[in-house]
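quick check, what structure comes out for this input:
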Amino acid sequence: RTQARTMASSLRHAFRQSTGLVGLARVAEPKKVLVGLYNETLSVLESFPKEAEYRKNAEALVKHRLHAVEQARDVDQFERKLGRFQAEELINQAKDELSLAQKMKDWAPWESLQEVPPADQWKWP
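Sure thing, here's the model as predicted:
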């Protein structure tokens with residue numbers, strides 16, 4: 001019975017013509033795309049210092065989502081597990097996270113400031 005449900009879910013995704021969201025095209029193999037994006041993001045994050053807050057938080061999120069996608073029997077299952085987003089929405093979010101990780105690598109916010117900030121910088125009148 002579970003196998004039949006998995007097949008039905010896979011077929012439902014395979015024959016879905018549209019996401020129903022304007023400007024968001026359907027992706028034929030979302031699991032494959034997501035696993036690739038999540039692994040690429042983790043690879044970028046590995047170059048950050050272990051104590052960097054962005055690395056800790058982004059890595060936790062990406063690992064959680066990667067695990068959910070890898071463990072899912074089908075697209076419907078990981079969509080439900082990850083907050084009922086459509087797979088294509090998750091792909092957009094994964095692309096955005098990868099892009100941000102690459103920018104953060106260039107920005108290196110964990111490094112010391114080039115100039116010492118004024119002592120009263122954070123005081124409010």
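
number of residues surrounding V44?
When counting by other Cβ atoms under 10 Å, one arrives at 19 neighbours for V44. Quick note: C-beta positions are derived from backbone N, CA and C, even for glycine.

any idea how far it is from A72?
24 Å (Cβ to Cβ, to the nearest Å).

swap in V116?
Going from V116 to A72 by Cβ to Cβ gives 50 Å.

so these two - more neighbours on which side?
The neighbour count for V116 versus A72, taken as other Cβ under 10 Å, is higher for A72 (18 against 8).

name the element the closest residue to that one other than its chain neighbours belongs to?
Leaving aside its sequence neighbours, A72 sits nearest to F78 (Cβ to Cβ, 6 or more residues apart in numbering; 3.6 Å). Per DSSP states H and E: F78 is located in helix 75-81.

which helix or strand contains Q93?
Short version: Q93 belongs to helix 87-107, going by DSSP H and E.

and that helix, average pLDDT?
Averaging pLDDT along helix 87-107 gives 97.

and if you look at stretch 114-122?
Stretch 114-122 shows a mean pLDDT of 89.

tell me the centre residue of the chain?
A94 (3.3 Å; Cα atoms, centre = their mean).

right, and that one touches L34 too?
Yes - taking Cβ atoms under 8 Å as the definition, A94 is a contact partner of L34 at 5.9 Å.

between these two, which contacts overlap?
R65 (Cβ atoms under 8 Å, 6 or more residues apart in numbering).

so how far is the helix or strand containing V62 from its chain's centroid?
Per DSSP H and E: V62 is located in helix 53-71. Here helix 53-71 is found 7 Å from its chain centre; the criterion is Cα atoms, centre = their mean, to the nearest Å.

and the direction of that helix versus that of helix 87-107, what angle?
Taking axes from the mean of the first three to the mean of the last three Cα atoms, to 10 degrees, helix 53-71 and helix 87-107 form an angle of 150 degrees between their directions.
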